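Enquirer: Next one to model:
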Amino acid sequence: MLTTGAALAAVTSSPTAPPGFRSVPLGVIVYVAVASPAWRERWAGRAEEVDADVLARAPRIDYDAHDDLQSAWSRRQGMDPALAPRHLVPSTHELADAVVAGLGWGMLLTMQAEPPLASGDLVALGGEPVTSALYWQVARTPSTPLEGLTEAVLVAAGRELVQG
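Expert: Take a look at the predicted model:
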């Protein structure tokens, strides 16, 4: 959307801005692998770990066809993500709801996962979190509204994202 002029600014995981835009690092967003206790019981039983065999059989939930968070985590667990069944839920809130409901496991933002983990509505699947660096890409054209928006985005990123 930036390259077509449909947007003057965006948060993206790409560090390279299109011509006419600048890229500002915002920080890192962290995702953890979680599932409902019912999902874990159904697919892993009493096993200590959710291993590659379980992951190859059990459904996962992806945001959309381009979402590679679950695939990246699965590969780290020694499993080919192409083997597993998946559901697509193109809404971060509804994706979290689907994981809590037991439709599949998924990668949730730590801030999304913490309350249901604390209440027992979700269980952690272990493994290392998946992180993604985020960037603010904004048109170089001087603009008071864009400067104000940039400042607001930087303040929010400093508060919500992992820095450094």
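
Enquirer: residues in contact with the lengthiest helix in the chain?
Expert: If you go by DSSP state H, the chain has its longest helix at helix 144-160. Outside helix 144-160, the residues within contact range by C-beta atoms under 8 Å, 6 or more residues apart in numbering are 8-9, 11, 24, 26-27, 111, 134, 136, 138-139. Backbone N, C-alpha and C define where each C-beta goes, glycine included.

Enquirer: Now which of these would you call buried?
Expert: Listed as buried from the contacts of helix 144-160 are 8-9, 24, 26-27, 134, 136, 138-139; burial here means 16 or more other C-beta atoms under 10 Å.

Enquirer: quick one on the thing from earlier: could you pull out the buried residues of the longest helix of the chain?
Expert: Neighbour counts over helix 144-160 (16+ other C-beta under 10 Å) mark 150, 153, 157 as buried.

Enquirer: Stretch 113-122 now?
Expert: Neighbour-count burial for stretch 113-122 flags 113, 116-117, 122 (criterion: 16+ other C-beta under 10 Å).

Enquirer: again with stretch 7-16
Expert: 8-9, 12.

Enquirer: Tell me who's in contact with Leu125.
Expert: Contacts of Leu125 by C-beta under 8 Å, 6+ apart are 33-35, 40, 50, 105.

Enquirer: how would you label the residue lying closest to it once chain neighbours are set aside: helix, strand or coil?
Expert: Distances taken as C-beta to C-beta, 6 or more residues apart in numbering place Ala33 nearest to Leu125, at 4.0 Å, with adjacent residues excluded. When classified by DSSP: H, G, I helix; E, B strand; the rest coil, Ala33 comes out as strand.

Enquirer: count of neighbours near Ala33?
Expert: Residue neighbour count, defined by other C-beta atoms under 10 Å, stands at 27 for Ala33.

Enquirer: One more: Arg46?
Expert: By other C-beta under 10 Å, 6 other residues sit near Arg46.
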